[in-house]
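> Here is a sequence with its predicted model. Questions after.
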Amino acid sequence: MKISNETKVGILAVVAIVLLVMGINFLKGKSIFKSGNFIYANFTNAQGILVSNPVLANGFRIGSVYELAENDNNLQSIKVAIKLKKNYNIPDDSYAIIDASLLGTNTVKIVLGNSKTFLPAGASIKTQENVGIMAQVSNSINPAVEQIKTTFNTLDSTLRHINSVFDASTKNNLQSTITNINKLTASLIVSAASIEQMLADQSGSIAKSMDNLNSFSENLAANNSKITNTLTNVETATNKLASSNIDGAINELKVAIHKINDVLAKVDSKEGSLGLLLNDKTLYNNLTNTVRSANILIDDLKTHPKRYVNISVFGKKDKSTPLTAPLNETKQ
């Protein structure tokens, strides 16, 4: 039986279409015949998840989204079929969330639990709603927008009050105030110029003072060695004074003073010859009488020398009365 060319072209076209559909489904991760390991997840919001989007567990791709369908024609629940690469052991307390991305591909993430019992093939996994990035941004922006609205309303009310306060007279007063401020600014500029001129006049004195200060600093630097030697000598003297036995010297001085006090006490207590000499009036009177008698004897010797010394062979002995009191010149 001879096949016509038209039949051959038709058969090739059908085969090509079938292969094209299978290739597209293969690239999407979906096969023509529904076979493999499947689990299911029910979400109230699919958040733009598409067929062939990856399914991750601990950051590792374990499968892909095979298909999406509504449950019993009810859009309140979206059933997502997940095709696993192989029969993974997924704990039955695990749950799935949709991770929406602004720039990348939305993914289904499975957060693994700790149960020792695993989900069988065809079971439904628990789900949790994950607030998308746009929803988070919107939730963050909405309070700020409301706050901005409130601020604008407050600002508008404030401006209305300002307009009501600033009547014609108030505006004139404000203009006068601004004029006075301008005059004050001009005066400040003139004052600043005067101060600058004064500083310029005094710059010579300031420069001279700085020169004197530099000279003083140079003298200090030139005599640095002498100052260092002086400080060293002072430190040496201080060390010697600190290391000397000052306490011992003070103790010896105390002992000497104590001995002097003992001697003075003995002198004052009429014990010993010195105490008797200082305190006994009888000895004083005897000494006074002895001195007086000696004065009388000397005066009598001067007045009547012949009574005591007679060298004349034929002379006459002096028989006058001896003196009983010293002469006035002796008394003086």
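Received, thanks.
> Going by C-alpha atoms from here, please, whenever you check contacts or count neighbours.
Will do.
> List of residues touching stretch 88-95?
The contact list for stretch 88-95 (C-alpha atoms under 8 Å, 6 or more residues apart in numbering) reads 110-119, 125-128.
> got a winner among those for most neighbours?
Ile110 (21 neighbours; other C-alpha atoms under 10 Å).
> Once you drop chain neighbours, what's closest to that residue?
Ala96 (4.4 Å; C-alpha to C-alpha, 6 or more residues apart in numbering).
> any idea which element the one you found lies in?
strand 95-99 (DSSP states H and E).
> Identify the neighbouring strands of the helix or strand that that strand is followed by in the sheet and state each direction.
Next along the chain after strand 95-99, taking DSSP H and E as the criterion, comes strand 107-111. With DSSP bridges as the test, strand 107-111 is paired with strand 54-57 (parallel), strand 95-99 (antiparallel).
> next one: strand 107-111 to chain centre, how far?
49 Å (C-alpha atoms, centre = their mean, to the nearest Å).
> The residue most central in space within the chain and Lys226: what is the separation?
Nearest to the mean C-alpha position of the chain, counting by C-alpha atoms, centre = their mean, stands Ser217 at 34.7 Å. To Lys226, Ser217 is 15 Å away according to C-alpha to C-alpha, to the nearest Å.
> again, but for Asn114
Taking C-alpha to C-alpha, one finds Asn114 at 85 Å from Lys226.
> ranges for the strands of the stretch 101-250 of the chain?
107-111, 124-127 (DSSP state E, counting those that start in this stretch).
> Nearest to Ala100, out of those?
strand 107-111 (6.7 Å; C-alpha to C-alpha).
> what does the closest one rub up against?
By C-alpha under 8 Å, 6+ apart, strand 107-111 touches 49, 53-58, 94-100.
> give me the low-pLDDT residue ranges for the stretch 51-200 of the chain?
Applying pLDDT under 70 to the stretch 51-200 of the chain flags the ranges 102-104, 131-140, 142, 162-169, 171.
> Give the helix, strand or coil label for Ala69.
When classified by DSSP: H, G, I helix; E, B strand; the rest coil, Ala69 comes out as strand.
> for it, which residues make a bridge with it?
With DSSP bridges as the rule, Ala69 is bridged to Lys79.
> Against Gln76, how distant is it?
From Ala69 over to Gln76 (counting by C-alpha to C-alpha), the distance is 11 Å.
> Start and end of stretch 88-96, how far apart?
15 Å.
> Pull out the buried residues from it.
90-96 (16 or more other C-alpha atoms under 10 Å).
> And for Gln47, the neighbour number?
Gln47, neighbours per other C-alpha under 10 Å, totals 17.
> Is it correct that it falls within a strand?
No - assigned with three-state DSSP, Gln47 falls outside any strand and is coil.
> related to what we said a few turns ago, now the strands of the stretch 101-250 of the chain as TSV including distance to Thr154?
As requested, the strands of the stretch 101-250 of the chain are exported to TSV (distance: least, C-alpha to C-alpha, whole Å):
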stretch	distance to Thr154
strand 107-111	45
strand 124-127	45
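> Please identify which of these is closest to Val255.
strand 107-111 (98.3 Å).
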